[in-house]
Structure formats: C-alpha cells, structure tokens
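> Sequence isn't available, so here's the structure alone:
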C-alpha cells in the first residue's frame, strides 16, 4: 500500500497508547532501569523512556524469544505423545518506540527464518506483532545505519513510523502497512491531515562511513588474511554482540526432561562461542577466535547477501556499545574496506 502521511499531536500519543492497551494488546516499549533502556511490557504511557539513542537490547525477542518452548512430550506404555505450540497462546503485541534500525532487522530475521524452510513458530509470532517505530532525532558515534542501506527515518519494517517535528513538537505519522491502517482506523480523530512536511530536517545526521558492497567484494579476497587475527585479539568470545544484535539468529535446541515427560526448547546461541562448532569427535573447524570473528563478519556481509539478498547488519551499533573489550565493528569494517588485496 502507499504510505499515508498523517499528523499526531504530541498530546494524542497517550490516547493512542491507551487505545491499543484497551484493545487487548501487550505493549512492549522502552523502559529505563539503572541507566539502561530495554524493551519490556509497559502498563502506563508515562513509564516509557524518551531521549534514548538506542535500547541496550534489540526488540527481536518478541518474534524470536531468547528461550522458547517449541513442544511438550510425554512417554507412556502406549508410546510417545507430542504437543506443539498452540498459536492462540501467542499474544498480540505492539512494539512501541522501535528505532528504524531495529524495524529493519525484522526483515532480515524473516529472511533467515523463511530461507529453505518456513518457520511456523516464528511466523506466527511475527504475525501478531505490530511495529510503531520512532525516527531517530539524535545519534552517537556507534550509529552507522546509512552505511548498510538504512537511515534515521527509514519506514522499512514499521507498520506506523512516527517522526517528531521539532524538539517538543507534534509527530508526522507515516502509515505504511495494513496493520498500521487498522490502528489508525480505530481512532481516526487522532490522525489529522498532515500536509507535506519536510521530514528529513527533523532526523539525526548519520554520515556514510563505508560502502557495504565494497566490503562484500573485499571479503571474497581476504579470507586467509592476517586482518582477522589483528581484529580479534581483544575478543573474549562472550557472545554479548550476538545477544544484543537485532539480526543474529543462531540457536540451539535442547530437551528439558522431567522423568517421562519434558519440553523441547529453542534458545539463542552464537557463532562466537568456542563450542558452537565443536564436533563430538573433539575436532573444531573454528578452533581459534579469529576464525569465529571472521565467520561473524562473513555471514553478515557476504553469506547473507549472496543467499538471502539482505545484509545481516542494520548499523545499530549495539554490539560495539555492549562489548566488554571495546571491539568496534564500525572500525573493523572501515579497516576491511581500506585493506589492500
């Protein structure tokens, strides 16, 4: 559908929030606790954080939970009984306050979970998620969305995108999808005529720092380069980068047994962990951290574009902010672009 532009008064945001809440939606929004902003269930509009550049963790957990039961099983004299997940048990969720880089990540996650097999659990969860994004008014030194095809006001992945027009002004509402149109139809008086405001002048400035296509071309030629060793020397293999990333989708499957019954659980994993590729024989094809760091970059900037036609990075900068060893992916990508091959 064509993007429809409307005006939402700043005083109407709370009315919109309450409308969505009263319609039976679980609202996940940014909450600030102990100096960190994270997505959590929100009961009151006044609890929502404002002025943040980015939340500490991404919003991917709504469609791809950190630990997710995918079936229950039990054994008895008659054999094995298996019960899958009932889609009716998955709640209707409104993601409120998502930045464009997070919303963009939804498309990249979806490409992964629908590549050679359509993941029904993921798709069922995502079908029950409505994204109300907020454009970025400010950025920091870790942001590089414009280098990977995004921008601080990108509509990609959002159902409605809100852009504040001025420091304490009203909001331009871009109604992007059918889900967004249904929200606007719930209370049309909150979505006024907008005219044609100049959206770009209200957005954060994020300069382009590298060319992602050039990175992809360079990666084809530096697989055996010493660059990977020098870049990975500080890496602890802790996996923090993967756990805050909006597009990392590695997972493990474990059975939690209790006698003759139990559950099968899908839980996050990371290619940065030393045991991620460890074989039962004891052989590990990625036995040192430089090989694991290389895999992370290659996957996001070479393998995913080749196989899925999307890049595995949205430029949110979370991995660099979260890294306890101060590894900075933006600096490493610039180094790769400048590498002589």
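That came in fine, so what should we check first? Predicted, not measured: the structure shown is a model, and the values here were computed from it.
> could you show me where the strands are in the chain, in order?
All strands of the chain, identified by DSSP state E, fall at 4-8, 26-33, 36-41, 67-76, 79-84, 93-98, 129-134, 160-164, 171-175, 192-193, 251-258, 261-268.
> Turn those into JSON lines, including distance to residue 223.
In this view, the C-beta of every residue, glycine as well, is placed from N, C-alpha and C. Listed next are the strands of the chain as JSON lines, based on distance: least, CB to CB, whole Å:
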{"stretch": "strand 4-8", "distance to residue 223": "46"}
{"stretch": "strand 26-33", "distance to residue 223": "39"}
{"stretch": "strand 36-41", "distance to residue 223": "36"}
{"stretch": "strand 67-76", "distance to residue 223": "34"}
{"stretch": "strand 79-84", "distance to residue 223": "41"}
{"stretch": "strand 93-98", "distance to residue 223": "35"}
{"stretch": "strand 129-134", "distance to residue 223": "37"}
{"stretch": "strand 160-164", "distance to residue 223": "39"}
{"stretch": "strand 171-175", "distance to residue 223": "42"}
{"stretch": "strand 192-193", "distance to residue 223": "55"}
{"stretch": "strand 251-258", "distance to residue 223": "26"}
{"stretch": "strand 261-268", "distance to residue 223": "27"}
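> any chance of these in CSV, plus mean pLDDT?
Output for the strands of the chain, formatted as CSV (pLDDT from 0 to 100):
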stretch, mean pLDDT
strand 4-8, 95
strand 26-33, 95
strand 36-41, 94
strand 67-76, 92
strand 79-84, 90
strand 93-98, 96
strand 129-134, 97
strand 160-164, 97
strand 171-175, 96
strand 192-193, 93
strand 251-258, 93
strand 261-268, 95
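> Need the per-residue pLDDT for residue 269.
Looking at residue 269, its pLDDT stands at 96.
> Let the chain start at 44 from now.
Yep, numbering from 44; the last one is residue 312 now.
> Next up, the contacts around it.
For residue 312, the contacting residues are 285, 293-295, 319, by CB atoms under 8 Å, 6 or more residues apart in numbering.
> For the longest helix anywhere in the chain, buried residues please.
Taking DSSP state H as the criterion, the chain has its longest helix at helix 143-156. Residues of helix 143-156 classed as buried by neighbour count (16 or more other CB atoms under 10 Å): 143-149, 151-156.
> So which elements touch it?
Helix 143-156 makes packing contacts with helix 163-170, strand 172-177, helix 347-351 when contacts are defined by 3 or more CB pairs under 8 Å, 6 or more residues apart in numbering; DSSP states H and E.
> so which of the ones you listed is the most packed in?
strand 172-177 (a mean of 24; mean count of other CB atoms under 10 Å).
> quick one: strands adjacent to it?
Using DSSP bridges, the strands paired with strand 172-177 in its sheet are strand 136-141 (parallel), strand 203-207 (parallel).
> Columns distance to residue 87 on top of those, output as TSV?
Putting those into TSV (distance: least, CB to CB, whole Å) gives the following:
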stretch	distance to residue 87
strand 136-141	12
strand 203-207	19
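> Spit out the contact partners of residue 233.
If you count contacts by CB under 8 Å, 6+ apart, then residue 233 has 51-52, 55, 58-59, 62, 227 around it.
> ok, now residue 86?
residue 64.
> and the longest helix of the chain, what's its mean pLDDT?
For helix 143-156, the mean pLDDT works out to 96.
> quick one: that helix to strand 79-84, angle?
60 degrees (axes from the mean of the first three to the mean of the last three CA atoms, to 10 degrees).
> hmm, back to that, I'd like the buried residues of helix 143-156 as a markdown table, with distance to residue 164 appended.
Shown next, in a markdown table, are those (distance: CB to CB, whole Å):
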| residue | distance to residue 164 |
| --- | --- |
| 143 | 26 |
| 144 | 25 |
| 145 | 21 |
| 146 | 21 |
| 147 | 22 |
| 148 | 18 |
| 149 | 16 |
| 151 | 18 |
| 152 | 13 |
| 153 | 13 |
| 154 | 16 |
| 155 | 14 |
| 156 | 9 |
